[in-house]
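1. just a sequence and a predicted model for now, questions to come.
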Amino acid sequence: MLFNYIKIAWKVLLRHPFYTFITLFGITLTLTVLMVITSFIDHLVGSHYPEYKRDRSLYIMNIALRDSARTSMNGGPVSYNFIKEHLKTLKTPEKVGFSTMINSANSYLNGRRIKVSTKYCDATFWEVADYEFLEGKPFNEQNIANGEHVVVITDAMKKQYFEDETASAIGKSIEVDNEKFKVIGVVKSAPVTRIMTFSDVFFPYNLPKSNYQSKGLQGNFTAIILAKNKSDFKAIQDEFDASVGRIPLPIMNWGNRYDIIDIKAQTYTDTFLNGLLREGQEIFLYVGIFFILMMLMGLPAINLVNLNVSRIMERASEIGIRKAFGAPSSSLAWQFIIENIFITMIGGSFALILTFIIISIFNDSGLILHADLSINFSVFGVSLLVCLIFGLLSGVVPALRMSKMKVIDALKSS
Amino acid sequence: MIKLSNIEKVYQTSNIETLALNNINIDIKKGEFVSIMGPSGCGKSTLLNIMGLLDEPSTGTIAIDNKPVEKFTDKDLAYLRNQKIGFIFQSFHLINDLSILDNVEIPLLYRASTNKSRREAAKEALEKVGLSNRMKHFPNQLSGGQKQRVAIARAIVGNPEIILADEPTGNLDSAMGNEILNILLQLNAAGSTIVMVTHDENMAKKTHRLIRLFDGTQVS
């Protein structure tokens, strides 16, 4: 039966090549846009290099101090002191690693200025982030305790800095902001969009320029809390909230009084969204997503419904014949829905190829440094789901219209 | 087998009412071969469509195997058409996108059957009408007579008890028409109940009983 439906769908496609082209073009374009968006969202919030463990990580990115009326706010990353007292002391997580936000520094080579991104991090950072070491190894607690001027750089940095990129960089020195550091490790570069882990150069956190000894709750650090498993999130959050709850209030800062501390250990997606939206603005996000989806999927689907409905009469004879020989309306409705899903799947296949091409071009373009957009299993799964929804959306109405046609009217119209 | 009582069919357009069938009472017995004749537009095809549950009467009742069908749902009617009735249309009504074999299989698609059993039954039906060598052809590759034979194969593939033929020879030359009639006579001899609409007096004479219509009224 299914094979029969697909056979008919194929024949219908071949019957009017121009109409087929227009239909497939519309479906392909719509699905390509959706797949590229899905891939981009996945790139931003999915678990990818070097943050493969995002699904069991909580992030500390921002602390906000507010007055009791919540009229003024002072926000930013946390201090090393805060991490030491309220994060490194947590019992529930497996590990807590920290690093500064992305800073920039200058390096000079043969009189040429190279602008580099830098990060100061602890030894555990290398355990919560899964950087691939191409050469050498990360700095450890001992290197940090000894105050060694060591550094881990990326392969892109190595390529830019050292003339002979084939030779090992280990043991060589690089100069950043007029200070010399010994390279002890080279890692594969990560995309710039992984702001919690991206950098060109990684220093131990206790080097003077990191300002790690600044007082107060705010500083330049962010942290990644690695849970043993996802189910520990609630316990970690509770333990963290309790620790923060013990901070004496009010806090006086630059002559301002703050009575409320807003800080949450959140998943990456929530952290990412909180960075974009303020509290209570989530509704705008959902309305926005709904609107975009409506525009991207709803309108083309409605258009396809119209095209399909207007072509019903062309299929009337077939409907009449099938009904005359015992096809119930439900079978015919399913036939048309399956045909539509089949056509959508063909469009989906084209869209998948087109998305692959677009993503490859995007990754190579350098628009996002070291971008690694991909069509992975989840992107493909979402795309497949989108194809099915699109097929159903555009197939149900025509299917119902077709199946409700009276047999004799359908036969007479042919 | 098929009992029509007080059947009326009225077609209503914006302000004109046309009485297509008026007080029709027919009882078709099992195994009969009945022909329906009358001038063009007298309601022959409408009557056949109502008998075959393709159209609804405005008033009156239809009973198949003594069961009135007016309260049957769309699904029940589809089931009856599938199990009991096979149609042969004047204009063949074959699906051009499907092969001859696929066309003949259609009634079996809506029954619980396997792909293999459907194929076998369709081949057997095509053999009966002498078209086993054309199974992989498409309708537009066949002559009118061959198309009608495919339509007959499709009508008989599910072994229905009733075959309703609407001017099955209307689009064929006389030699081909006789050939089709012979197939129908053979099917009747094998036990099928057949109702055939025809314009051809000679063909009608070969059937058991003739019903004549004039302006929607049964005159004999």
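-> Nice, thanks for sending it over.

2. so which residues on chain B come close to chain A?
-> For chain B, the contact set with chain A under C-beta under 8 Å from any C-beta of the partner chain comprises B:49, B:52, B:54-55, B:74-75, B:78-79, B:81-83, B:86-87, B:89, B:91, B:93-95, B:97-98, B:102, B:105-107, B:109-111, B:115, B:154, B:158. For the C-beta atoms, the positions are set from N, CA and C on the backbone; glycine is no exception.

3. mind listing which of those residues are in helices?
-> Among those, DSSP state H puts B:49, B:74-75, B:78-79, B:81-83, B:102, B:105-107, B:109, B:115, B:154 in helices.

4. ok, of these, which come out buried?
-> For these, a burial check counting by 16 or more other C-beta atoms under 10 Å in any protein chain shown picks out B:49, B:78, B:79, B:81, B:82, B:102, B:105, B:106, B:107, B:109, B:154.

5. SS state for the residue nearest to the third one when sequence neighbours are not counted?
-> Which is residue B:79. Leaving aside its chain neighbours, residue B:79 sits nearest to residue A:326 (6.8 Å; criterion: C-beta to C-beta, 6 or more residues apart in numbering or on different chains). Following DSSP: H, G, I helix; E, B strand; the rest coil, we place residue A:326 in the coil state.

6. residue A:326 touches residue B:87, doesn't it?
-> No - applying C-beta atoms under 8 Å as the test, residue A:326 and residue B:87 come out as separate, 10.3 Å apart.

7. and the lowest-mean-pLDDT helix or strand in chain B, which residues are buried?
-> Within chain B, no helix or strand scores below helix B:174-189, which has a mean of 88 by mean pLDDT, DSSP states H and E. Neighbour counts over helix B:174-189 (16+ other C-beta under 10 Å) mark B:176, B:177, B:178, B:179, B:180, B:181, B:183, B:184, B:187, B:188 as buried.

8. could I have that helix exported to PDB, CA atoms only?
-> Extracted as PDB, the C-alpha positions of helix B:174-189 are listed here (Å, rounded to 0.1, in the frame of the first residue of the first chain):
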ATOM      1  CA  SER B 174     -19.300  -3.500 -32.600                       C
ATOM      2  CA  ALA B 175     -16.700  -6.300 -32.800                       C
ATOM      3  CA  MET B 176     -15.000  -5.200 -29.700                       C
ATOM      4  CA  GLY B 177     -18.400  -4.500 -28.100                       C
ATOM      5  CA  ASN B 178     -19.500  -8.100 -28.700                       C
ATOM      6  CA  GLU B 179     -16.200  -9.400 -27.200                       C
ATOM      7  CA  ILE B 180     -16.900  -7.400 -24.000                       C
ATOM      8  CA  LEU B 181     -20.500  -8.600 -23.900                       C
ATOM      9  CA  ASN B 182     -19.300 -12.200 -24.200                       C
ATOM     10  CA  ILE B 183     -17.000 -11.700 -21.300                       C
ATOM     11  CA  LEU B 184     -19.900 -10.300 -19.200                       C
ATOM     12  CA  LEU B 185     -22.100 -13.300 -20.200                       C
ATOM     13  CA  GLN B 186     -19.400 -15.700 -19.100                       C
ATOM     14  CA  LEU B 187     -19.100 -13.900 -15.800                       C
ATOM     15  CA  ASN B 188     -22.900 -14.100 -15.400                       C
ATOM     16  CA  ALA B 189     -22.800 -17.800 -16.200                       C
END
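
9. so which elements touch that helix?
-> Helices and strands touching helix B:174-189, by 3 or more C-beta pairs under 8 Å, 6 or more residues apart in numbering or on different chains; DSSP states H and E, are strand B:33-37, helix B:144-156, strand B:162-166, strand B:193-197.
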